[in-house]
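[1] Please work out how this folds:
(2 chains)
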Amino acid sequence: DGGITQSPKYLFRKEGQNVTLSCEQNLNHDAMYWYRQDPGQGLRLIYYSQIVNDFQKGDIAEGYSVSREKKESFPLTVTSAQKNPTAFYLCASSTGSLHPRQYFGPGTRLTVT
Amino acid sequence: DAKTTQPTSMDCAEGRAANLPCNHSTISGNEYVYWYRQIHSQGPQYIIHGLKNNETNEMASLIITEDRKSSTLILPHATLRDTAVYYCIVRVNTNAGKSTFGDGTTLTVKP
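    A predicted model of the protein is given here:
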């Protein structure tokens, strides 16, 4: 079954700890994205990657880091420098072709206390 | 990417058509209109997209005005499962593929 997997669905961490969110896709898509969503608000772009070993900052990259060592994987690390990390995190991918509709994963809800 | 304006919320009776408007008055000639929806606590789902012609698929219809400054997403026979936040996005179809999601319209379908 093709799609995007995010794990875990719920994640709890203590303040000051780094945490890595997983995102895997088996759609053979070139481009992958990370979004953050706060309650009652839309999605904000954190990072995106158009190709392996390359990624670009989005609108709110501060306090986050990513890597793209494999086409199918795009992990997001929420560092201790992120001042308000509690949020719903969504990963997406797209073909990067002429009509790159995005396919989203189920999301990870991160709570930092 | 052009900015969009959508109503914060709308209600619709079950079985009736839901018409969701979107204003994008600063849209450029090479920008497409995309619609996604997000059911509570899930990832957004693609619905439809178009450039200037009206489009229809199994989920919805997209009507874009002739001047392309606004569009309407139509769910022809809304069901309770269509209750969701609907996002209208305009963007260029480049390999970047990144989209700016505003706050969207919360559609509530009522029995």
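[2] use CA for all of it now, contacts and neighbours both
    Fine.
[3] Quick check: which element contains the closest residue to A:Asp59 other than its chain neighbours?
    Nearest residue to A:Asp59, sequence neighbours excluded (CA to CA, 6 or more residues apart in numbering or on different chains): A:Leu45, at 5.5 Å. Counting by DSSP states H and E, the element that carries A:Leu45 is strand A:43-51.
[4] as a whole number, average confidence for that strand?
    For strand A:43-51, mean pLDDT is 91.
[5] what packs against that strand?
    Judged by 3 or more CA pairs under 8 Å, 6 or more residues apart in numbering or on different chains; DSSP states H and E, the packing partners of strand A:43-51 are strand A:31-37, strand A:54-57.
[6] if I pick residue 51, what's in contact with it?
    You didn't say which chain, so I picked chain A. A:Ile51 makes contacts with A:30-31, A:68, A:71, as judged by CA atoms under 8 Å, 6 or more residues apart in numbering or on different chains.
[7] I was thinking of chain B, sorry if that wasn't clear
    B:30-33, B:64.
[8] Identify the residues contacting the host helix or strand of B:Thr72?
    Per DSSP H and E: B:Thr72 is located in strand B:70-75. Strand B:70-75 has contacts (CA under 8 Å, 6+ apart) with B:17-25, B:35, B:59-65.
[9] Which pLDDT value goes with A:Val112?
    pLDDT for A:Val112: 92.
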